[in-house]
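Asks: sequence and predicted model, in that order:
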2 protein chains.
Amino acid sequence: MVSLKDVAKIAGVSPSTVSRVINRTVFVSEETRIKVEKAIAEVNYRPNLLAQSLRLKVTKNIGLLVPAIDHPAFSLLIDNIEASASKRGLNLLIFNTHNDYKREAEAIDMLLGQNINGIIFCRVSDESYIDNLSRAYSIPMVVIDRAYDNEKIPNVTLDNYQAGALAAQHLLDVGCRRIATITGNFKINLSRDRYAGLVETLAKNGVQFDERLLWKGGFTYEAGIDGVNHFIEEGLEFDGLWGQNDMVAIAAISTLVKRGLRVPEDVAVIGMDDVRFSEVYNPSLSTIYQPFAEMSDIAVDYIDKLTSGETIAQNKVRLQPSLVVRNSTLKG
Amino acid sequence: MVSLKDVAKIAGVSPSTVSRVINRTVFVSEETRIKVEKAIAEVNYRPNLLAQSLRLKVTKNIGLLVPAIDHPAFSLLIDNIEASASKRGLNLLIFNTHNDYKREAEAIDMLLGQNINGIIFCRVSDESYIDNLSRAYSIPMVVIDRAYDNEKIPNVTLDNYQAGALAAQHLLDVGCRRIATITGNFKINLSRDRYAGLVETLAKNGVQFDERLLWKGGFTYEAGIDGVNHFIEEGLEFDGLWGQNDMVAIAAISTLVKRGLRVPEDVAVIGMDDVRFSEVYNPSLSTIYQPFAEMSDIAVDYIDKLTSGETIAQNKVRLQPSLVVRNSTLKG
DNA sequence: TTGAAAGCGCTAACAG
DNA sequence: CTGTTAGCGCTTTCAA
């Protein structure tokens, strides 16, 4: 590996001068600058980021913790965060917490010993260890998506109550009256918020939610399958269903169809997130759009600002969801 | 930040002793070890990886280049690579090359200046810059999935010809005779290999492939949609279709159904990769399984071994695909 | 405008 | 078994 010293020797100047040329930190005479640049090119020199970071106590890396990687919503999120990071010249270190708050704690612990600038943290659930988090405070940190009700760490989230409200309103609008829902684990507060938005909006419109039509199965395909099977086996009737994410909704549709029901004619189904394949599913899936790109950009920007010592005016951002209507709810 | 020196002072020993306790590199007397450990715990000391890496010239980071993140096959691959890396205490730095060989070249260039141990490289296409790659040789590198025909860099790939053969054989077995295929870009050699496997296996079985039923649309949903629309608009008849990945196959099914055709009764459709949602699609998708987990593990292991200076006996591994039969081809 | 020197936090001879 | 010393590659005072 060719070092700054080598370049200095070739250019016939001191190491500090080479450093100054590279970082444009102070003025260097045209003449020497050219000599140095020539030497750099000659040996194809690249600064050693390790040494640089050690000296400067800042790195270009940020850590990202997600509960799952191969999950359409999270891969979409990761994709967006990567884009935001790379736009700012930051690198992403990704860790999968596997929806397990113990592994999450280990990962945080590890991350703190890592050469990173900050952590973007998509918490597993309300069980996530608080004490580790407070230790984590020693480096910039932002929580995305799954924040606590009274999150102290800067965070960017969705108005999940409103997501539930939109889903309820749309199902009512297309004529549904007996509405079922399959939710995420209630240890994740956004599952509760989404649910509350649904139930309260139905109530406001004179429709009482039947709690037997609630299945807290989680954010997986299995939840969608199990939920629908459960409802049907219990002999419960329903004409509308909200799956709290698109995977669940799609699994629900698939199960309904297998059971001989038509979607949307017999049951209108709406999902959440607007992941890529919801558009291609058969029938195409109505859903609640979640602005992942915007959320990612805000989160990365936080880290960036916090790192450079800037103070941030607003340390909580809550974005609004919106309704996407496709065929799975169009009773036409 | 508390440093090793601080710990040494508290424990009343020299910095080297503290280092020795931490790294268990040589024997330290029970007595001093305990003193040191107590001091470490007292101030909650964590070694600075930056300094450690600078000194040792090895990091715990590996870079991963993928053509896309939010693509079911790649998020599955990323998921598996993360698992393999984390199992070995390695961190993953992810870069999205956006299927663009120019951005890919930039990313490699950047990665080379990064504090990484090695690169796992999922090449965009045959257009990927060779010269950059050879420069990249200065650090351990392994190509996964999309390797060249005569790849010089250690690589782990699938027997893509065999994948095509399996698809062809299965479609023949369920009674198809007019078979269409939608392939990846032919600049990616695995698209060509898969295609060759299909065509030659058909020929071996006395079925001549009609080249008008080839659509080189790429690995996207759009390709599946466009391909089917094209075939139908050209008035071409077909009773079987292979999409070279699951997204394409699913988009094809969705388009066929929209056009009033039944799957599998009118057209049997098979995909490739066996991503998560192919099982949940309606109808569930027959596909060619690709052993991503195994591929990932081999790739990460390569980097790990190369880093520690071990020589690797076999620097090319080619794994076998297998057939997964579901409803989209069961004409029953 | 440039060079010398110190030091970021760590490890590894080398000596004892 | 442990301490002293040098140095990884870089930046930044401090002087000149």
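Replies: That came through fine. Numbering: from 1, shown residues only, chains lettered A, B, ... in the order given.

Asks: pLDDT at residue A:30, what is it?
Replies: Per-residue pLDDT puts residue A:30 at 92.

Asks: now residue A:68
Replies: Residue A:68 is assigned a pLDDT of 95 by the prediction.

Asks: what of residue A:135?
Replies: Residue A:135 is given a pLDDT of 62.

Asks: the one 4 residues further on too?
Replies: Residue-level confidence at residue A:139 comes out at 82, pLDDT.

Asks: skipping adjacent residues, who's closest to residue A:170 in space?
Replies: Nearest non-adjacent residue to residue A:170, counting by C-beta to C-beta, 6 or more residues apart in numbering or on different chains: residue A:323, 5.7 Å away. Any C-beta I mention is one placed from the backbone N, CA and C, and that applies to glycine too.

Asks: flag every residue of the stretch 1-150 of chain A that's near DNA strand C.
Replies: Listed as neighbours of DNA strand C in the stretch 1-150 of chain A under the rule C-beta under 7 Å from any atom of the strand: A:12-17, A:20, A:26-29, A:31-33, A:51, A:54-55, A:57.

Asks: try the stretch 151-300 of chain A
Replies: Residues of the stretch 151-300 of chain A lying near DNA strand C (C-beta under 7 Å from any atom of the strand): none found.

Asks: does any bit of the helix or strand hosting residue A:300 sit next to chain B?
Replies: Residue A:300 belongs to helix A:292-307 when elements are defined using DSSP states H and E. No - using C-beta under 8 Å from any C-beta of the partner chain, helix A:292-307 stays clear of chain B, coming no nearer than 9.5 Å.

Asks: just the C-alphas of stretch A:176-183, formatted as PDB.
Replies: Extracted C-alpha coordinates of stretch A:176-183, given in PDB (Å, rounded to 0.1, in the frame of the first residue of the first chain):
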ATOM      1  CA  CYS A 176     -68.100  -3.100   3.400                       C
ATOM      2  CA  ARG A 177     -69.800  -3.300   6.800                       C
ATOM      3  CA  ARG A 178     -68.300  -6.400   8.400                       C
ATOM      4  CA  ILE A 179     -64.700  -5.700   8.500                       C
ATOM      5  CA  ALA A 180     -61.900  -8.100   9.600                       C
ATOM      6  CA  THR A 181     -58.300  -7.200  10.200                       C
ATOM      7  CA  ILE A 182     -55.000  -9.000  10.500                       C
ATOM      8  CA  THR A 183     -52.500  -7.000  12.500                       C
END
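
Asks: show me the strands in chain A, by range?
Replies: With DSSP state E as the criterion, chain A has strands at A:61-66, A:91-96, A:118-121, A:141-144, A:155-158, A:179-182, A:214-215, A:240-243, A:268-270, A:287-289, A:316-319, A:322-324.

Asks: for residue B:267, find the nearest of those.
Replies: Nearest to residue B:267 among those is strand A:268-270 (26.0 Å), distances taken as C-beta to C-beta.

Asks: distance between that closest one and the chain's centre?
Replies: Between the centre of strand A:268-270 and the centre of its host chain there is 24 Å, according to C-alpha atoms, centre = their mean, to the nearest Å.

Asks: what about the helices in the stretch 101-250 of chain A?
Replies: A:101-112, A:130-136, A:160-173, A:189-204, A:221-233, A:246-258 (DSSP state H, counting those that start in this stretch).

Asks: highest average neighbour count across these?
Replies: When you average the neighbours per residue for each of the helices of the stretch 101-250 of chain A (mean count of other C-beta atoms under 10 Å in any protein chain shown), helix A:246-258 leads with a mean of 26.
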